[in-house]
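Asker: Would you be able to build a 3D model of this:
(4 chains)
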Protein chains: 2
Amino acid sequence: MTVERPPPPPPSRPPTIYDVAKAAGVAASTVSRAFSRPGRVNAETAERIRAAAQALGYRTNPLARALPTGRTSMIAVIISDITNPFYFEIIRGAQAAAAEAGYTMLLADAQESDVLEREALDRALPTVEGIVLASSRMSDSAIRMTAKQRPMIVLNRAVAGVPSLVTDNPHGARRAAEHFADLGHRTITYVAGPEASWADGIRWRSLREAAADLGLQTRRLGPYKPNVAGGEQAAGDLVHKPTTAILAYNDQLAIGIIRGLTAVGTVVPDDVSIIGFDNIFAADLITPRLTTVAAPLRALGGTAVHNLLAIINGARSRASDPTVLPTRLVERASTTRRSRRRAMTPAGRTSAN
Amino acid sequence: MTVERPPPPPPSRPPTIYDVAKAAGVAASTVSRAFSRPGRVNAETAERIRAAAQALGYRTNPLARALPTGRTSMIAVIISDITNPFYFEIIRGAQAAAAEAGYTMLLADAQESDVLEREALDRALPTVEGIVLASSRMSDSAIRMTAKQRPMIVLNRAVAGVPSLVTDNPHGARRAAEHFADLGHRTITYVAGPEASWADGIRWRSLREAAADLGLQTRRLGPYKPNVAGGEQAAGDLVHKPTTAILAYNDQLAIGIIRGLTAVGTVVPDDVSIIGFDNIFAADLITPRLTTVAAPLRALGGTAVHNLLAIINGARSRASDPTVLPTRLVERASTTRRSRRRAMTPAGRTSAN
DNA sequence: TTGAAAGCGCTAACAG
DNA sequence: CTGTTAGCGCTTTCAA
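Answerer: The predicted model follows:
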């Protein structure tokens, strides 16, 4: 009677394709085939291999696969400023789309610095199959250069020659202008974001055109940093430029304006109506709740990744026109009919009190 | 006179270590050494190599390096719900720390699902050198299991045997209780988050202890989803359980409560004082501005990565006690002295009106 | 349909 | 200090 020895402990390092091959009694190349081109292998052999792999707990090592093929199953998402709430839903959409396609997502934050952005890009470049560049702070030519090395989608910016994905800013700006017009406002003040921002440019231009069509006046203030602090600063400046209708570059700026204005006794929306852009999470939280031009944030991230994967898988990236996603005006409490009784002044309301 | 031919166009594939070796007139291994162990190579040879590499635009291929060494220079950060604003600053902190150490960060969102979390983990595992698991929804044993395969830091949760990083919830809860006591409140209602949440458990326990020490009563309501909608639902239930002091599991819940209560005519803080946890971006935006127990969010992410890299680089992960980061109470406008004239009731204020 | 063999780009002994 | 030689685990011709 032989004493049954327990099987030797499994080796600490994960099983390789060779282990599976031995267990299944086939050559390593056959195992490889069984996983990559299941059609090209005898059905029952394939079954045997699958069983062996299962039993050993084999998982193909993505790094090793990547070396000969270049297919790493990774994409990079580079974001100009991850602190900006605008990106939260975008990231989630991107991550979900990537995961669904079996891809892993590398995330890098450029902290608003083109230098850091370059570095992050360089670090990620050799490892990933493609890149989503969100609101890049780099020059068009630098972007085009990089786009030659890897499939790339530019988000929130149109770069000629590089597949781009943007939201329908012209329509959004027009809807904002119409809304102001409906409420009886005559002049719209645009509070601008960063000059380097492509979105800022197009929002301002679109507003001006729409306003002209509607017979409204426009003014422009800025640029400001596109965050709450920037908005508070803008509020300070607005005190010297009374107005009844404000369109802000983005929600954060709008929120800052509301806070700054409220602090000096101006009442939103009674004294000034304000519209933002993006419909970030906090837009619905501030008092008064912010009317804003909403973008389909999650879809934006998802579509970016989706399009990127399509290109990676050989889709002809046709026409250089950017893909544009729709926007819509979400009417909340920060806008109201223009009141002739009141006008914004440094001290706050004019007639009341 | 010879016609100068332009140099042949550089090959389309990036230069390898061999190209550099040839150009510098040395063996490939020497090039490798020059990059990894600069000390072990003749100074002027090293210089020659560096020059050649520079000229060719050589960059070591991280994938190829990873295969023999296992050093991928990547870490994974897995987050239970990337939509939760709580993580924004944490992510930024983590990303910055990783970048500074020359590491690249893989980000995965589990979307509150333990299944998706597992999948993300499995996908990332073979590729990364270490893992930060934030507010995992997996079981302790599953976490311990995975921690055996790769260095790991658990965030916001204490798992015996696995290096953990948490915030000082007991101190935060105590400060909240003291604050309520100072304002004359006698009973504190805790509005609970997810049962699966480790943080929820400790916050409630800590509150109860602190309250007992201070001679206050406590009640508990919940669990609720830890988001604004959950808070609004809680507000609906609170209407039947009048109280003057609420400590919410987190800021999102607190914000939802404020909105729900305000909607039915209850005035915060006059009728009810509310304190949240985490000090997310929006806490300062809502009206009234939310008093909350602040955690050093960015430091949390940074420290997690920092500790993880230390372990990766061979630091003995000593004692199994979790590292704890300090918390502090940020007093804003959602708390005030308890008024005997008023009490929260379904219809809103009692005496006034 | 399957196996053998070469190699992806880099590193790590081991000699010299 | 430097060159030679094996691989890391997988894919991919090329034959059989």
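Asker: need the contact list for the most centrally placed residue in chain A.
Answerer: With distances taken as Cα atoms, centre = their mean, A:I90 lies nearest the centre of chain A, 4.1 Å away. Counting by Cβ atoms under 8 Å, 6 or more residues apart in numbering or on different chains, A:I90 touches A:134, A:155, A:297-298, A:300-301, A:304. For glycine as for every other residue, the C-beta is placed from the backbone atoms N, C-alpha and C.
Asker: Just give the nearest non-adjacent residue to it, would you?
Answerer: A:G301 (3.8 Å; Cβ to Cβ, 6 or more residues apart in numbering or on different chains).
Asker: would the one you found count as being in a helix?
Answerer: Yes: assessed with DSSP: H, G, I helix; E, B strand; the rest coil, A:G301 lies in a helix.
Asker: What is the burial count for the residue of the stretch 151-300 of chain A found nearest DNA strand D?
Answerer: Using Cβ to the nearest atom of the strand, the closest approach of the stretch 151-300 of chain A to DNA strand D is made by A:P151 at 17.7 Å. Neighbourhood size, A:P151 [other Cβ atoms under 10 Å in any protein chain shown]: 23.
Asker: Now do the contacts for it.
Answerer: Contacts of A:P151 (Cβ under 8 Å, 6+ apart): A:129-131, A:308, A:311-312.
Asker: so which of these comes closest to DNA strand C?
Answerer: A:E129 (15.5 Å).
Asker: what's the domain layout of chain A?
Answerer: Domain segmentation of chain A under automatic domain parsing yields A:17-60, A:70-167+A:297-326, A:169-294+A:329-351.
Asker: so which of those domains gets nearest B:A120?
Answerer: domain A:70-167+A:297-326 (6.6 Å; Cβ to Cβ).
Asker: chain center to the closest one: distance?
Answerer: 8 Å (Cα atoms, centre = their mean, to the nearest Å).
Asker: That one close to DNA strand C?
Answerer: No: Domain A:70-167+A:297-326 stays clear of DNA strand C (Cβ under 7 Å from any atom of the strand), getting no nearer than 8.5 Å.
Asker: try stretch A:15-31
Answerer: Yes: using Cβ under 7 Å from any atom of the strand, stretch A:15-31 comes into contact with DNA strand C via A:25-30.
Asker: where do the strands sit along the stretch 201-350 of chain A?
Answerer: Remark: strands assigned in the stretch 201-350 of chain A by DSSP state E, counting those that start in this stretch are A:217-221, A:245-248, A:273-278, A:291-294, A:323-325, A:328-330.
Asker: show me where chain A has helices.
Answerer: Here chain A has its helices, by DSSP state H, at A:17-24, A:28-36, A:43-56, A:62-69, A:86-100, A:114-124, A:140-147, A:169-182, A:198-214, A:228-238, A:251-263, A:297-312.
Asker: which of these sits most buried?
Answerer: Among the helices of chain A, the stretch with the highest mean neighbour count (mean count of other Cβ atoms under 10 Å in any protein chain shown) is helix A:251-263, at a mean of 25.
Asker: ok, and what's touching that helix?
Answerer: Residues from elsewhere that reach helix A:251-263, judged by Cβ under 8 Å, 6+ apart: A:84-86, A:191, A:193, A:224, A:226-236, A:238, A:246, A:248, A:268, A:271-272, A:274-280, A:282-283, A:286, A:288, A:290, A:292, A:334, A:344, B:285.
Asker: List every C-alpha atom in it, with coordinates, as PDB.
Answerer: Output of helix A:251-263 as PDB, limited to C-alpha atoms (Å, rounded to 0.1, in the frame of the first residue of the first chain):
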ATOM      1  CA  ASP A 251     -20.500  76.200 -14.200                       C
ATOM      2  CA  GLN A 252     -17.600  76.700 -11.700                       C
ATOM      3  CA  LEU A 253     -17.200  80.200 -12.900                       C
ATOM      4  CA  ALA A 254     -20.900  80.800 -12.700                       C
ATOM      5  CA  ILE A 255     -21.000  79.400  -9.100                       C
ATOM      6  CA  GLY A 256     -18.200  81.700  -8.100                       C
ATOM      7  CA  ILE A 257     -20.000  84.600  -9.600                       C
ATOM      8  CA  ILE A 258     -23.200  83.800  -7.800                       C
ATOM      9  CA  ARG A 259     -21.300  83.600  -4.500                       C
ATOM     10  CA  GLY A 260     -19.400  86.700  -5.100                       C
ATOM     11  CA  LEU A 261     -22.400  88.700  -6.100                       C
ATOM     12  CA  THR A 262     -24.500  87.400  -3.300                       C
ATOM     13  CA  ALA A 263     -21.800  88.400  -0.900                       C
END
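Asker: Identify the residues contacting A:F88.
Answerer: A:280-281, A:297, B:82-83, B:85, B:88.
Asker: and those residues, which are buried?
Answerer: Buried members of those, scored by 16 or more other Cβ atoms under 10 Å in any protein chain shown, are A:280-281, A:297, B:82-83, B:85, B:88.
Asker: nearest to A:A96, of those residues?
Answerer: Using Cβ to Cβ, the buried ones among the contacts of A:F88 come closest to A:A96 at B:I82, 9.5 Å.
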